[in-house]
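Enquirer: What would the 3D arrangement of this be:
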Amino acid sequence: MNLDNRSKLIRKNILFSFLIKGWSGMVQLLLVPVTLFCLGNYENGIWMTISSILLWIDSLDIGLGNGLRNKLSEQIANGDYEKARESVSSTFAMLVCIIVPVAIVLMLLVNTADIYHLLNISSAIVPNLQEILSMCIALVCATFIFRFIGNVYLGLQLPAVNNALVVGGQTLTLIGVYLLRWQEIHSLLMVALCYTLAPLLVYLLSYPVTFGIYYPKLRPSLRYFNKHAVRELFSIGVKFFVLQIAGVVLFASSNALVSRFFSPDMVTPYQVSYRYFSMTMMLFTVIAVPFWSATTDAYTKKDFAWIKRSMHRLHLILLGIAVLLVVMVAVSRPVYRLWVGTSVEIPTTMSAAMALYIFIVICSLCYSYILNGIGTLSLQLIFTVGAAVAYFPLSWLLSRYIGITGMILALATVNLPGAVVNRLQYRKLMDGTAKGIWKN
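Expert: Below you'll find the model as predicted:
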């Protein structure tokens, strides 16, 4: 793929992704008040905690999804469709082998452990917590298998299609929850069903369309399962896996910690604030994600000039994001009132801390998408794992003195070193001065 075709494909994907993510943003904004109406503050906080815990399941692919994404980009760039089909088939088979025993173990844990005590939840208010968690685990584990279809499109440098699959599930969820509100059904079980079943339905429908109509050359088949392909995927995928696990520790554990340290009621303002400011992260990822697989293509062909030009564009976007976050903090209180009403109180200090945290993460992503495309993950791995380890004691300490705002400041603090190192590593790679761990 030459420079013009690569850049044109990125522009096309960014355009379609903006349209898709614009709708996605609208759906997510609408989901917050309607879910809050169906559940109330307490049960909504419980659902936010459960859904963040379920993110752990998404990370159990030992990095195979992102490994497939990078390998597929290389193989398609070299025109090797035989190897590409082996990679897709091997990934699909391994995902099934991974998730079946995981689902069994999680079901046993949910139905034997004292989940109520662990999450500080009242059994009088939610008497069927085990039933809800069992259903969610079954559906999310099934989605785990078929979600690799999105990685296939990412490897084909078509992130807009992956975004469309995600937003399709979100749209079905919104329709389902609105139907519950229309029928005045205030059930945590039914809300959880809407959230977990909808994405699975979208991926199940996309499977025959993807591999039966558009990309039959990549259709998974046991005949194309290859142990060597699994080793290749795992060699790069294991680093992505550790990064995913560390990232989930930082993100998913926050809701559980808020529930444990304070109360499920307090998860709602935390999540409302996060959803509001994370819109800027969604905006940035729409623009930046296409550069990941395109960088793999460019780096494979030694096109360093294109990578540098791409980073210059991302820097300009980063500056715009900073300005936008400042404005969002300034208008946050009236926006919250308009969005979720007066039942959720979010102080400006919490909003400012959340904006700072989100900006640090976006700065880190600005470089990590390029570094991921190149395949240099060792330093990211070290600093992300270090951040996950440091987060627990720091969040506990700061939460004692500053409350939930302290937990957000802990997130910002532990993510800052990784963002700085990502920038240094990128500059060394582009200057040709990267050696040792800086090049791995």
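Enquirer: ok, and for stretch 88-102, which residues are buried?
Expert: 88, 89, 90, 91, 92, 93, 94, 95, 98, 99 (16 or more other Cβ atoms under 10 Å). All C-beta atoms are positioned from the backbone trio N, CA, C, and that covers glycine.
Enquirer: pLDDT averaged over that stretch, what's the number?
Expert: The average pLDDT within stretch 88-102 is 85.
Enquirer: got it, and stretch 418-436?
Expert: 84.
Enquirer: For it, which outside residues touch it?
Expert: Contacts made with stretch 418-436 from outside it, assessed by Cβ atoms under 8 Å, 6 or more residues apart in numbering, are listed as 304, 307-308, 311, 360-361, 363-364, 366-368, 370-371, 374, 376, 379-380, 383-384, 386-387, 438-439.
Enquirer: Going by neighbour count, list what's buried in stretch 310-330.
Expert: Neighbour-count burial for stretch 310-330, with 16+ other Cβ under 10 Å as criterion, is recorded at 310, 311, 314, 318, 321, 324, 325, 328, 329.
Enquirer: Among these, which lie within helices?
Expert: 310, 311, 314, 318, 321, 324, 325, 328, 329 (DSSP state H).
Enquirer: Hmm, which of those is lowest in pLDDT?
Expert: The member of these with the lowest model confidence is residue 310, at 79 (criterion: pLDDT).
Enquirer: Not counting residues beside it along the chain, what's closest to it?
Expert: On the basis of Cβ to Cβ, 6 or more residues apart in numbering, the spatially nearest residue to residue 310 that is not a chain neighbour turns out to be residue 291, at 5.4 Å.
Enquirer: so that neighbour touches residue 314, yeah?
Expert: Yes. In this structure, residue 291 sits in contact with residue 314. The criterion is Cβ atoms under 8 Å, and the distance is 7.2 Å.
Enquirer: what sits in contact with each of these two?
Expert: residue 370.
Enquirer: show me what contacts the residue nearest to residue 310?
Expert: 10, 310, 314, 369, 370, 373.
Enquirer: residues in contact with the fifth one?
Expert: Just to be clear, that refers to residue 370. Applying Cβ under 8 Å, 6+ apart, the residues near residue 370 are 291, 292, 295, 307, 310, 311, 314, 426.
Enquirer: ok, back up a step: pick out the most distant pair among the buried residues of stretch 310-330.
Expert: The span of those, defined through Cβ to Cβ, is set by 310 and 329 at 29.3 Å.
Enquirer: any chance you could map the strands in the protein?
Expert: With DSSP state E applied, the chain shows no strands anywhere along its length.
Enquirer: Angles on the backbone of the residue lying farthest from the centre of it, please.
Expert: The outermost residue of the chain, judged by C-alpha distance from the chain's mean C-alpha position using Cα atoms, centre = their mean, is residue 124 at 33.1 Å. The main-chain torsion angles of residue 124 are listed as degrees, to the nearest 10 and equal phi -70, psi -30.
Enquirer: and the gap between it and residue 48?
Expert: Distance, residue 124 to residue 48, by Cβ to Cβ, to the nearest Å: 20 Å.
Enquirer: from the contacts of residue 370, which single one is nearest residue 55?
Expert: Using Cβ to Cβ, residue 292 comes nearest to residue 55 of those, at 20.2 Å.
Enquirer: which helix in the chain runs the most residues?
Expert: Within the chain, and with DSSP H defining each element, the longest helix by residue count is helix 3-58.
Enquirer: Which neighbouring elements make contact with that one?
Expert: Taking 3 or more Cβ pairs under 8 Å, 6 or more residues apart in numbering; DSSP states H and E as the contact definition, the neighbouring helices and strands of helix 3-58 are helix 81-112, helix 129-146, helix 159-182, helix 188-208, helix 227-261, helix 264-300, helix 304-330, helix 332-340.
Enquirer: closest to residue 152 out of those?
Expert: Among those, helix 81-112 comes nearest to residue 152, with 6.2 Å by Cβ to Cβ.
Enquirer: got the angle between that closest one and helix 3-58?
Expert: 20 degrees (axes from the mean of the first three to the mean of the last three Cα atoms, to 10 degrees).
Enquirer: got the contact list for residue 156?
Expert: If you count contacts by Cβ under 8 Å, 6+ apart, residue 156 has them with 72, 73, 76, 215, 293.
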